[in-house]
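> could you work out the structure for the sequence below:
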Amino acid sequence: MRGAASLALLLVLASVAALLHGQIDAAPSVLWQGLVTGEGPGALILDTIRGPRVATALGAGAVLGLSGTIFQTLFRNPLAAPDLLGFNAGAGLAIIAGIAFGIALPAPVLAAIGGLAVAGVVGALAWRRGSGTPALTIILVGLGTGFTATALATFLMTLLPGTAAAEAQRWLTGSLAARNWAHAAQVWGFGMALTLLAFSQARPLMVMELGGELATGLGVRAEPARWRISGIAVLLAAAGVAVAGPVPFVALMAGPFGARMTGARSPAARMAAGAAAGALIVVLADLLARASVPGLQLPVGVATGLLGAPYLLWRLSREMDKGDL
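Alright, predicted model coming up:
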């Protein structure tokens, strides 16, 4: 309980810091005046400049963190995350394809189609007839499929005009630039609905941690449950990608960080901790990206990449020491 309260407090403090700091800092009194009166520079920051961006960062980080936690729990492997499995790249490819070919579908729909399509490809390539598929096999196939999706998205960007291509490249890195309240409402709306679906699967997820045969003995059909839960997790990741781009490593880091900080053990508790940790990571990474270099706002994906790459190397070394790789 103390760990959960600490994580919640950190999330609040990070959100306030993200509202106060950037290329131009604002005093707390300025924000308070804007909040109370709805006028002045504080109101402009809250309503237009930083408020929507922070709200979008919170929502995108939460759904990415929740998605990663679900996959890591489902496959019982800390490397199982939608960015390493290629699902984020598939969602990004679908959105870039929609822009390139003028497909008039909302970004969340395109992202969902792309993420689910890549999930289907990964499942088809990794599936072994008559035997369970090791998590490492799925991760390796997902990595290859994700690289292919990213390469295709890069190729499609060559079909775009110069300005649109530059913006698409920035978005593909992971960006929260020019977010507005519509983006925040989008990720929070889809995210809340999918979060409810995800938590409704907490019991099957807990049973499946015991193994497929035991899960079947307890009345849970392992394969249909695995596909159902995976689909929900893919859609959660797609909801985040639709507003922030395929931000790397958030889904990978959030689950272990949240569980370590809160001591969460049950799947439901780990999912809640992972969502909160994902939101915290994205808000802090975006603050770092906005405020670290004077006169330059970096994409949030650059900051999460700098944080996540050393973590991935450390995690790989841990898995190799345990003999799991």
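
> tell me which element Thr148 is part of?
Under the criterion of DSSP states H and E, Thr148 resides in helix 135-157.

> that helix: which residues count as buried?
135-136, 138-143, 145-146, 148-150, 152-153, 156-157 (16 or more other CB atoms under 10 Å). Any C-beta I mention is one placed from the backbone N, CA and C, and that applies to glycine too.

> any idea of the mean pLDDT in it?
Helix 135-157 comes out with an average pLDDT of 92.

> please enumerate residues in contact with it?
Residues outside helix 135-157 that contact it (CB atoms under 8 Å, 6 or more residues apart in numbering): 75-77, 79-80, 83-90, 92-93, 96-97, 100, 114, 118, 121-123, 125-126, 128, 165, 168-169, 172, 324-325.

> swap in stretch 65-72?
Contact partners of stretch 65-72, identified using CB under 8 Å, 6+ apart, comprise 78-83, 85, 195, 198, 205, 229-230, 232-234, 236-237, 240, 250-256, 258-259, 270-271, 273-279, 281.

> my guess is Ala273 contacts Ala259. True?
Yes - the criterion here is CB atoms under 8 Å, and Ala273 meets it with Ala259 at 5.6 Å.

> who has more neighbours out of these two?
Here Ala273 and Ala259 are compared on neighbour count by other CB atoms under 10 Å; more neighbours surround Ala273, at 27 against 22.

> the nearest residue to Thr37 once chain neighbours are set aside and Leu35, how far apart?
In space, and not counting its chain neighbours, Thr37 is closest to Ala43: 7.1 Å by CB to CB, 6 or more residues apart in numbering. Remark: distance between Ala43 and Leu35 (CB to CB, to the nearest Å) = 8 Å.

> what's the pLDDT at Glu213?
The per-residue pLDDT reported for Glu213 equals 63.

> tell me the SS of Leu79?
coil (DSSP: H, G, I helix; E, B strand; the rest coil).

> what about it, neighbour count?
Neighbour number of Leu79 under other CB under 10 Å is 24.

> look up the closest residue to it, ignoring the ones flanking it.
Ile139 (5.4 Å).

> please report how far that neighbour lies from Val122.
9 Å.

> so what sits against both of those two?
Here Ile139 and Val122 have Leu85 as joint contacts, going by CB under 8 Å, 6+ apart.

> hang on, the earlier thing: after the helix holding Thr148, next one along is what?
Following helix 135-157 in sequence order, the next helix or strand is helix 162-173 (DSSP H and E).

> list the buried ones in the helix or strand following that next one?
With elements assigned by DSSP H and E, the helix or strand that comes after helix 162-173 is helix 181-200. Buried residues in helix 181-200, counting neighbours by 16+ other CB under 10 Å, are found at His183, Ala184, Gln186, Val187, Trp188, Phe190, Gly191, Leu194, Thr195, Ala198, Phe199.

> doesn't Gly240 make contact with the fourth one?
Read it as Val187. Yes - the pair Val187 / Gly240 is scored as a contact, 6.6 Å apart, by CB under 8 Å.

> now for those two: what residues contact both?
Gly59, Ala60, Val63.

> mean confidence score for stretch 44-54?
94.

> pull out the buried residues from that stretch.
Per 16+ other CB under 10 Å, stretch 44-54 contains these buried residues: Ile45, Leu46, Ile49, Arg50, Gly51, Pro52, Arg53, Val54.

> can you lay out those as CSV showing distance to Leu20 and secondary structure?
Shown next, in CSV, are the buried residues of stretch 44-54 (distance: CB to CB, whole Å; DSSP: H, G, I helix; E, B strand; the rest coil):
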residue, distance to Leu20, secondary structure
Ile45, 9, helix
Leu46, 11, helix
Ile49, 12, helix
Arg50, 9, coil
Gly51, 12, helix
Pro52, 16, helix
Arg53, 13, helix
Val54, 10, helix
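
> now, which of those residues sits nearest Leu105?
For these, the closest approach to Leu105 (CB to CB) belongs to Pro52, at 22.9 Å.

> residue contacts, Gly240?
Gly59, Ala60, Gly61, Val63, Leu64, Ser67, Val187, Gly191, Val247, Val250.

> kindly report the same for Val63.
Val187, Phe190, Gly191, Leu194, Thr195, Leu236, Ala237, Ala239, Gly240, Ala275, Gly278.

> surely the last one is in contact with Phe249?
I take that to be Gly278. No - contact criterion CB under 8 Å: Gly278 and Phe249 do not qualify, at 10.5 Å.

> neighbour-wise, which of these two wins?
The neighbour count for Gly278 versus Phe249, taken as other CB under 10 Å, is higher for Gly278 (31 against 26).

> any idea how far that one lies from Gly42?
28 Å.

> next: Val250.
Val250 is 29 Å from Gly42, by CB to CB.

> who's more crowded, the two?
Neighbours were counted for Val250 and for Gly42 using other CB under 10 Å; Val250 has more, 36 against 22.

> since that was my last question, I'll sign off now.
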